[in-house]
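Engineer: Here is a sequence together with a model predicted from it:
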Amino acid sequence: MPATRRLLLQAAAASPALLLGCAESDPLDEAIERIRPLSRRMDPLRPGDWLESHREPGQTYREYRTAINKRAIDSYKSIRVVPIGLLSEGQQAVLDITVEFMRPFFGLPLELDAPVALQTVPADAQRRRFDDDTLQLLTSYLLNNTLKARRKSTDAAVLGITAEDLWPGPGWNFVFGQASLTERVGVWSMARNGDPDSDVGMLWLAAQRTVMTATHETGHMFGIRHCTAWKCGMNGSNSLQERDRQPFEFCSECQPKLWWTLGLDPLKRSQALEEVARRLNFPDIAAALAAQSRALAG
């Protein structure tokens with residue numbers, strides 16, 4: 001490694017803000033440029049899509065670095081996962097697959113807590129949907145009470161997962177998940193992802209959808225906003241159909257935010273995710289990650 005490059009990397013590790021003002025000297029620039037050709041612009045909006053009803057400015061990597069002045073890795077050492085309510089055999093398999101992907105995706109050790117009993121969620125934090133009598137849990141209660149109580153000082157994030165449907169409050173029918181950056185807590189549901197106990201194909205589809213929700217919501221907890229320019233795991237979604245059109249991985253603007261705040265090696269992270277995808281038999285995800293790994297390797 002050239003001496004100048006080595007000094008830049010050492011400076012970034014010691015005080016990343018020192019390099020922020022010099023676009024040409026950011027040590028992640030080379031990796032960003034290598035994966036940029038893999039990113040694809042978002043398709044034209046369809047009726048009912050997230051950005052049709054939520055006008056958001058998006059966020060570049062540079063804007064993220066300006067807004068976030070301290071890396072998460074300098075303060076936190078773990079991610080905590082908390083199951084909420086009972087899980088069937090298929091749902092437990094979905095949780096296990098999700099944890100397997102999240103470890104290399106964020107590069108932090110994952111701690112799996114004991115489940116939270118539904119009986120501990122008060123009646124005013126539960127409701128039955130008027131159209132199909134589906135049980136829903138109130139995300140604000142789960143975030144501010146259930147999950148915040150499980151948070152330890154070393155936890156970058158405490159993530160609740162449940163088989164029950166979720167809703168965030170008045171005016172909303174449901175959400176796939178929700179997170180609070182300030183409290184470092186998030187919750188997501190596998191209720192709308194398909195029945196993983198019905199057959200193997202549906203188990204794998206439910207797992208892929210659950211992983212995408214988990215990585216998306218956890219991305220918010222590291223200060224990453226919705227992506228509005230590229231096809232990206234950080235795109236917002238109003239429906240299952242919209243979410244299914246989105247890729248597993250973050251784009252060339254959002255992925256570097258993880259690299260920086262979590263101190264990740266871009267190539268090693270990509271290769272580790274590729275290995276998980278192949279081992280768990282997600283060929284499409286593995287192929288996309290393999291292309292990314294080749295690009296990063298130059």
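Structural biologist: Structure's in. What do you need? Residues are numbered from 1 along each chain as shown.
Engineer: Please enumerate the helices of the stretch 101-250 of the chain.
Structural biologist: 139-141, 200-221, 240-244 (DSSP state H, counting those that start in this stretch).
Engineer: List the buried residues for the shortest one?
Structural biologist: Of all the residues in helix 139-141, those buried under the rule 16 or more other Cβ atoms under 10 Å are T139, Y141. To be clear about C-beta, it is placed using only N, CA and C from the backbone, and glycine gets the same treatment.
Engineer: do the same with the last one
Structural biologist: Judged by neighbour count using 16+ other Cβ under 10 Å, the buried positions of helix 240-244 are E242, R243.
Engineer: How far does it sit from its chain's centre?
Structural biologist: 16 Å (Cα atoms, centre = their mean, to the nearest Å).
Engineer: now do the second one
Structural biologist: For helix 200-221, the distance from its own C-alpha centre to the chain's C-alpha centre is 9 Å (Cα atoms, centre = their mean).
Engineer: Which strands and helices lie in contact with that helix?
Structural biologist: On a contact count with 3 or more Cβ pairs under 8 Å, 6 or more residues apart in numbering; DSSP states H and E, helix 200-221 meets helix 89-106, strand 155-162, strand 177-180, strand 185-189, helix 240-244.
Engineer: mind redoing it with 7 Å?
Structural biologist: Packing partners of helix 200-221 (3 or more Cβ pairs under 7 Å, 6 or more residues apart in numbering; DSSP states H and E): helix 89-106, strand 155-162, strand 177-180, strand 185-189.
Engineer: re earlier: which of the helices of the stretch 101-250 of the chain sits closest to R62?
Structural biologist: R62 lies closest to helix 200-221 among those, at 17.3 Å (Cβ to Cβ).
Engineer: which of the residues in that closest one are buried?
Structural biologist: For helix 200-221, by 16+ other Cβ under 10 Å, it's 203-221.
Engineer: that older thread, redo the helices of the stretch 101-250 of the chain as a markdown table? Include mean pLDDT and distance to G85.
Structural biologist: Shown next, in a markdown table, are the helices of the stretch 101-250 of the chain (pLDDT from 0 to 100; distance: least, Cβ to Cβ, whole Å):
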| stretch | mean pLDDT | distance to G85 |
| --- | --- | --- |
| helix 139-141 | 96 | 13 |
| helix 200-221 | 93 | 15 |
| helix 240-244 | 88 | 21 |
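Engineer: With distance to R128 as added columns, please give those in JSON lines.
Structural biologist: Converted to JSON lines, the helices of the stretch 101-250 of the chain look like this (distance: least, Cβ to Cβ, whole Å):
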{"stretch": "helix 139-141", "distance to R128": "16"}
{"stretch": "helix 200-221", "distance to R128": "23"}
{"stretch": "helix 240-244", "distance to R128": "21"}
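Engineer: just so I know, which of those helices lies nearest E274?
Structural biologist: helix 200-221 (14.3 Å).
Engineer: what's next to the closest one, contact-wise?
Structural biologist: Outside helix 200-221, the residues that touch it by Cβ atoms under 7 Å, 6 or more residues apart in numbering are 90, 93-94, 97-98, 101-102, 105-106, 157, 159, 176-179, 181, 184, 186, 188, 190, 193-196, 233-234, 243, 246, 248, 250, 282.
Engineer: Which among the residues you listed count as buried?
Structural biologist: For those, buried by 16+ other Cβ under 10 Å: 90, 93-94, 97-98, 101-102, 105-106, 157, 159, 176-179, 184, 186, 188, 190, 193-194, 196, 233-234, 243, 246, 248, 250, 282.
Engineer: next one: stretch 41-55 to chain centre, how far?
Structural biologist: 20 Å.
Engineer: Mind listing what's buried along it?
Structural biologist: For stretch 41-55, by 16+ other Cβ under 10 Å, it's M42, D49, W50, L51.
Engineer: just checking, which of these belong to strands?
Structural biologist: Taking DSSP state E, every one of the buried residues of stretch 41-55 sits outside strands.
Engineer: Turn those residues into TSV, columns for distance to Q292 and pLDDT.
Structural biologist: Below are the buried residues of stretch 41-55 laid out as TSV (distance: Cβ to Cβ, whole Å; pLDDT from 0 to 100):
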residue	distance to Q292	pLDDT
M42	19	92
D49	26	90
W50	25	90
L51	25	92
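Engineer: And these, which two are furthest apart?
Structural biologist: Once Cβ to Cβ is applied, the buried residues of stretch 41-55 give M42 and W50 as the farthest pair, at 10.4 Å.
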